[in-house]
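Q: Sequence first, then the predicted structure, then my questions.
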Amino acid sequence: MLKRLLAIGILLSCILFSPVGAGFLLAAAGEPSPARNVIVMIVDGCSSEQYTFARWFKGAPLTFDPYRIGAVATYIADSVIADSAPAASAFATGVRTSDKHISVGPHEKTLSTIKPPPEAERYRPFATVLEGAKLLGKSTGIVATSRVSHATPAAYVAHVPGRDMEDDIMEQAVHQGLDVVLGGGKRHLLPPEMKGRRKDAENLAADLTRWGYRMPETREALMAIREGRVFGMFADNHMDPEIDRRQAHPHQPTLAEMTAKAIELLSKNPNGFFLMVEGSQVDWACHANDPAYMVHDLLAYDEAVGVALAFARRDGKTLVLALSDHNTGGFSIGNSASNAIYPQLGVEDLLNPVRRMKSSASFIWNRLGADRTPQRLKAAVQEGWGLAITDEEATEILALAATLKDGAAAAIGKVLSPRHTYIGWTTLGHCGGDVPLHAFGPGRPAGGVIEATEIARICARAMGLDLDSLNRRLFVDAVEAFGPERVRVDRNAPQGPVVQIDYAGKQVELPANKNFLRWGQTTHALEGVVVWAPNTGKAYLPLQAVRVIEGKKEPLPEIRLAKAGRKAS
Ligand SMILES: [Zn+2]
């Protein structure tokens, strides 16, 4: 009860201190009708002007244009500018959290307008709508063009305080029992001797195979699959930018192909499904001030949303939300070169320079290899972007690139885009403005400017899911359940931390990031993952684990709403 009051307290304080509280209440007032399926389509790092540009470039409306209903306020617990980890955490859990956090509560330092969270909420895992969907008997899936352990997909399937903890994220993703996972990031499934990166030397791919997952690595292998659980890894690292995919890795499926296959497989479940799809790389394109990379990835996302909408129209019981997590790059149609020439600025003037670009700036940069001379760069830019640049421009790009290190390719966009296009950029980073929200199907909100956290509640209400009950069921503080004297955490175990509980002569072990407990020869599968919070030293277990250890047979709390918008009594 105390926890519930605390949760309600946080929610109220968010409304009270929020600059857009009225929009939140407006959305909450809409009476949703339950949906069987929910599809959340996220385009990372995008906002209104990118959509407008993509529409010009496509020469037709975007597939989701008719369904723009409002906007999402993107700020996070400790900043007016969001990053993907806390933004997607808000979408997934309904809790506004701190920079870098993946579906765990915020730390104590918050914006002046937001009350610091009570201690019990800090770094505590918060259950996601995907975890809830699974417990409702629905099938679940995530699709991304980044590593699937990257921030946005991670927020739906994992609980860690740092988005860089991708070994832990991948381990939780594997132990969530998802039905469909498609994207990049194979290196976080494998130990170093198998060309992987896992520091704990575990081979999660072997586990997945043993559990019956199919693991396609090409479009052809993916397309041949007609049933069963799938963990498709199409790249060791991220998948390719759409603009480079055909020339660099033509065997990789498109985002639309992955979305279609995920829906085909997940929709076999009569209880329905929850699917999150991310077009991951508009963000990186905008970080690099690279308009061609941006528009090709955005149109690949547009096509994927079209696939989801076509299914939803046929099905009639599917809610589709399409939105982004924040803007990146401060992209604008128009820059200082266009200020005095509005009447002369035609569609072709805007589009043609970008149409001539046939690869991403990072593809151009990587082709230079160690040969970073102005001559070589000029030739590569001519080939990749169809631009004859001057010696001075080439020298300027190389000098800027030397200061950017990892993001060296951004020097190409930052120097050339303002001079050779009518596109403006304000930053190589993120921006804090609202982002458009598109929604189709049963359970869609009334509209207005809504809080990022409301996205989770919209999904939960549409599925008839009570997030508070779900949190009580999936994440119990082990010390609160058993007392400090019975709980220890072995932090030096070779495969990661292990929660140890001494109870009535039983020595129970629960490995963090996994979904089982064991004592002696007994192993019990759990309905959720065990989470160890390194910042607080606390361990969180599914309530089911507590019941098994105590030998109690009481039923677990109901997570279904009794009626749309009402809690079960
Ligand atoms: Zn970003």
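A: It's in.
Q: ok, now how distant is Phe234 from the ion?
A: Between Phe234 and the ion the computed distance is 21 Å (C-beta to the ion, to the nearest Å). (C-beta placed from N, C-alpha, C; glycine too.)
Q: That residue reaches Gly183, doesn't it?
A: Yes: if you go by C-beta atoms under 8 Å, Phe234 and Gly183 touch, sitting 7.0 Å apart.
Q: These two - which one has more neighbours?
A: Gly183 (28 against 25; other C-beta atoms under 10 Å).
Q: My reading is that the more buried one lies in a helix. Confirm?
A: No: counting by DSSP: H, G, I helix; E, B strand; the rest coil, one finds Gly183 to be strand, located in no helix.
Q: So out of everything in the chain, what residue is nearest the ion?
A: In the chain, the residue that lies nearest the ion is Asp283 (4.1 Å; C-beta to the ion).
Q: Tell me the pLDDT of that residue.
A: Predicted confidence (pLDDT) for Asp283: 97.
Q: do the same with Glu108
A: Glu108 is assigned a pLDDT of 93 by the prediction.
Q: Just give the number of residues close to it.
A: Glu108: 13 surrounding residues under other C-beta under 10 Å.
Q: What sits closest to it if chain neighbours are left out?
A: Using C-beta to C-beta, 6 or more residues apart in numbering and skipping the chain neighbours, the partner closest in space to Glu108 is Pro116 (4.7 Å).
Q: hmm, which helix or strand of the chain has the shakiest average pLDDT?
A: Using mean pLDDT, DSSP states H and E, the weakest-scoring helix or strand in the chain turns out to be helix 21-29, at a mean of 35.
Q: Tell me how far the helix or strand following that one lies from the chain's centre.
A: The helix or strand immediately downstream of helix 21-29 is strand 37-43, counting by DSSP states H and E. With C-alpha atoms, centre = their mean, to the nearest Å as the basis, strand 37-43 stands 10 Å off its chain's centre.
Q: same check, this time on stretch 231-244
A: Relative to its chain's centre, stretch 231-244 lies at 16 Å (C-alpha atoms, centre = their mean).
Q: start at 541 instead
A: Okay, using 541 as the starting number, the last item reads as stretch 771-784.
Q: quick one: secondary structure of Ala611?
A: Following three-state DSSP, we place Ala611 in the strand state.
Q: Just grab the bridge partners of it for me.
A: Ala611 has these beta-bridge partners by DSSP bridges: Pro976, Val989.
Q: Isn't it up against Leu977?
A: Yes: checked against C-beta under 8 Å, the pair Ala611 and Leu977 is within contact range at 5.8 Å.
Q: okay, those two: which has more neighbours?
A: The neighbour comparison of Ala611 against Leu977 (other C-beta under 10 Å) goes to Leu977, with 26 against 20.
Q: And the average pLDDT for stretch 1062-1069 is what?
A: The average pLDDT for stretch 1062-1069 rounds to 96.
Q: again with stretch 1037-1054
A: Computed over stretch 1037-1054, the mean pLDDT rounds to 96.
Q: Just the buried residues of that stretch, please?
A: Neighbour counts over stretch 1037-1054 (16 or more other C-beta atoms under 10 Å) mark 1037-1041, 1043, 1048-1054 as buried.
Q: which outside residues touch stretch 871-882?
A: The contact list for stretch 871-882 (C-beta atoms under 8 Å, 6 or more residues apart in numbering) reads 587, 589-590, 592-593, 826, 831, 834, 885, 890, 958-959, 961-966.
Q: So for that stretch, first residue to last residue, what's the gap.
A: From its first residue to its last, stretch 871-882 covers 18 Å (C-alpha to C-alpha, to the nearest Å).
Q: Can it be said to contact the ion?
A: No: judged by C-beta under 5 Å from the ion, stretch 871-882 stays clear of the ion, getting no closer than 12.7 Å.
Q: State which strand of the protein is the longest.
A: strand 679-687 (DSSP state E).
Q: who in the chain is up against the ion?
A: Within the chain, the positions adjacent to the ion are Gly585, Asp823 by C-beta under 5 Å from the ion.
Q: where in the chain is pLDDT low?
A: For the chain, the stretches flagged by pLDDT under 70 are 541-573, 1103-1109.
Q: Among the contacts of stretch 871-882, which lie within strands?
A: Counting by DSSP E, those place Ile963, Gly964 in strands.
Q: Separate out the buried members of the contacts of stretch 871-882.
A: Using 16+ other C-beta under 10 Å, the buried ones in the contacts of stretch 871-882 are 587, 589-590, 593, 826, 831, 834, 890, 958, 961-965.
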